[in-house]
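Engineer: Model the structure of this input:
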Amino acid sequence: MFKPNFRYTNRIVTLIGKIAASREVVLNSPLVPKWEVSLRREAMVRSAHSSTSIEGNKLTLDQVSKLAEGRNIMASRKDKQEVLNYLNVLERLDAFVEDGKTISEKIVLRIHKQLTKDSLDDPSDSGVYRKKYVVVGNRLTGEVNFYPPENEQVPSLIQEYVQWLNSSAALELDAVIEAGIAHYEFVRIHPFVDGNGRAARVIAALLLYLRGFDTKRFFSLDDYYDTDRKAYYAALATVDKDVRDVTKWLEYFVEGVAVSIEAVKERVIRLSSERLKRTQRGQIALTEKQMKIVEFINQNERISNKNVRELFKVSAQAAHKEISKLVELGVLKPVGKGRSLSYLLK
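Structural biologist: The predicted model follows:
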């Protein structure tokens with residue numbers, strides 16, 4: 001069975017501690033359902049854009065967002081299909097497991113089939129192990145970065161891979177470490193003609209979901225990779241092909257998780273409020289505009305009718321209507337009178 005080679009460095013341990021602290025804030029913040037939906041949607045859009053962009057997709061983040069909303073855009077059929085495939089997989093992430101907790105060889109093939117549906121030059125390569133040998137390199141310069149195992153080795157390597165993913169040894173690891181190892185080993189095996197990077201990143205995200213780490217699916221690790229693609233490929237290249245010590249890669253991977261979840265934490269802090277937390281009234285369903293008002297107060301302590309007018313470009317009467325609804329819901333309370341009248345979180 002596959003056995004990873006790595007060690008816990010001070011950097012890895014420190015970052016895992018920071019991740020745990022940020023994750024605690026995210027999971028325990030009093031978010032209303034609409035906020036959670038919004039955060040999850042943002043994460044999926046950013047992941048779909050970044051993961052496909054790393055592999056040459058030309059769509060912008062705005063175009064990906066429009067596709068996610070079901071709108072049509074001017075772009076090549078292949079670029080659109082790759083993004084739609086990735087979005088579809090992320091939306092149905094919890095369906096890519098067996099018995100609700102394991103990842104099998106069949107699931108790996110299914111993930112690849114869904115990711116590459118109607119987007120490969122040869123449709124028969126979708127969801128099927130490579131039958132022709134491929135190398136990993138720079139398409140523009142022709143430079144070869146990595147020679148993966150021979151074609152005939154792929155089936156047995158993937159079988160060992162999934163056996164390890166579901167083993168007690170893997171389950172005893174921190175979820176972030178397991179996901180990082182799974183990501184690298186999948187890229188190393190390179191089981192498919194194309195789409196290996198996307199599949200590796202989906203499997204890493206699926207593991208974090210399965211292990212209860214990212215149950216709400218709020219953060220986009222792919223965004224971190226895409227920010228500095230050279231660093232991503234350089235980190236993958238730090239692993240010696242003979243001893244396969246993945247420690248340096250794990251330092252990079254764990255840092256990516258830390259940066260990504262810190263960004264989510266900051267977003268959640270802006271959306272939530274200690275005052276709302278103390279009321280313990282449970283969740284209050286708010287509209288998109290009402291959520292923006294609450295976020296504005298979290299950042300500026302209070303809001304006035306003028307602030308609301310400027311925020312939404314509406315009349316004084318419309319602004320008063322939005323504020324009054326939040327007062328009725330018990331979310332806001334008025335302070336001051338006349339021109340000094342403003343509103344705080346209750």
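Engineer: remind me, longest helix of the protein?
Structural biologist: The single longest helix within the chain, with elements called by DSSP state H, is helix 247-271.
Engineer: list the helices and strands it packs on?
Structural biologist: helix 10-28, helix 33-54, helix 175-189, helix 221-227, helix 229-236, helix 288-300 (3 or more C-beta pairs under 8 Å, 6 or more residues apart in numbering; DSSP states H and E). Yep, even glycine has a C-beta here, placed from its N, CA and C like the rest.
Engineer: between it and helix 229-236, how many degrees?
Structural biologist: 130 degrees (axes from the mean of the first three to the mean of the last three C-alpha atoms, to 10 degrees).
Engineer: and helix 247-271 with helix 33-54, angle?
Structural biologist: Going by the same axes, to 10 degrees, helix 247-271 makes 150 degrees with helix 33-54.
Engineer: Show me which residues of helix 247-271 are buried.
Structural biologist: 247-265, 267-268, 271 (16 or more other C-beta atoms under 10 Å).
Engineer: can you check stretch 292-310 too?
Structural biologist: For stretch 292-310, by 16+ other C-beta under 10 Å, it's 292-298, 303-305, 307-309.
Engineer: same thing with stretch 129-137?
Structural biologist: So, applying 16+ other C-beta under 10 Å, buried residues of stretch 129-137: Y129, R130, V136.
Engineer: Mind checking which of the residues you listed land in strands?
Structural biologist: V136 (DSSP state E).
Engineer: right, and out of the buried residues of stretch 129-137, which lies closest to W164?
Structural biologist: Y129 (18.1 Å; C-beta to C-beta).
Engineer: Ranking the helices and strands packed on helix 247-271 by mean neighbour count, which comes first?
Structural biologist: Stretch with highest mean neighbour count among the helices and strands packed on helix 247-271: helix 175-189 (a mean of 24; mean count of other C-beta atoms under 10 Å).
Engineer: And that one, what does it pack against?
Structural biologist: Counting contacts by 3+ C-beta pairs under 8 Å, 6+ apart, helix 175-189 packs against helix 10-28, helix 154-165, helix 168-171, helix 196-210, helix 247-271.
Engineer: now stretch 62-82: how far from the chain's centre is it?
Structural biologist: Offset of stretch 62-82 from its chain centre (C-alpha atoms, centre = their mean, to the nearest Å): 19 Å.
Engineer: Could I get the CA-only coordinates of that stretch as CSV?
Structural biologist: Written as CSV, here are the backbone C-alpha positions of stretch 62-82 (Å, rounded to 0.1, in the frame of the first residue of the first chain):
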residue,chain,number,x,y,z
ASP,A,62,-16.8,37.7,-14.0
GLN,A,63,-17.5,35.4,-16.9
VAL,A,64,-17.4,32.4,-14.6
SER,A,65,-19.8,34.1,-12.3
LYS,A,66,-22.2,34.8,-15.1
LEU,A,67,-22.1,31.2,-16.2
ALA,A,68,-22.8,30.1,-12.7
GLU,A,69,-26.0,32.3,-12.8
GLY,A,70,-27.0,30.5,-16.0
ARG,A,71,-26.3,33.5,-18.3
ASN,A,72,-24.7,33.2,-21.7
ILE,A,73,-21.2,34.7,-22.4
MET,A,74,-19.0,35.1,-25.5
ALA,A,75,-16.3,32.5,-25.1
SER,A,76,-15.1,29.3,-26.7
ARG,A,77,-17.2,26.2,-26.3
LYS,A,78,-14.4,24.3,-24.6
ASP,A,79,-13.6,27.0,-22.0
LYS,A,80,-17.3,27.3,-21.1
GLN,A,81,-17.7,23.5,-20.8
GLU,A,82,-14.7,23.1,-18.6
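Engineer: Go through that stretch and flag the buried ones.
Structural biologist: Result for stretch 62-82 [16+ other C-beta under 10 Å]: buried residues Q63, V64, S65, K66, L67, A68, A75, D79, K80, Q81, E82.
Engineer: Now for the second one: which residues touch it?
Structural biologist: So the one you mean is V64. V45, A48, H49, V83, L87 (C-beta atoms under 8 Å, 6 or more residues apart in numbering).
Engineer: mind listing what the residue nearest to R11 when sequence neighbours are not counted touches?
Structural biologist: Spatial nearest neighbour of R11, excluding adjacent residues (C-beta to C-beta, 6 or more residues apart in numbering): E251 at 5.3 Å. E251 makes contact with T9, R11, I12, L15 under the criterion C-beta under 8 Å, 6+ apart.
Engineer: need the helix or strand of this structure with the lowest average pLDDT.
Structural biologist: Of all helical and strand segments in the chain, the minimum by mean pLDDT, DSSP states H and E falls on helix 274-279, at a mean of 50.
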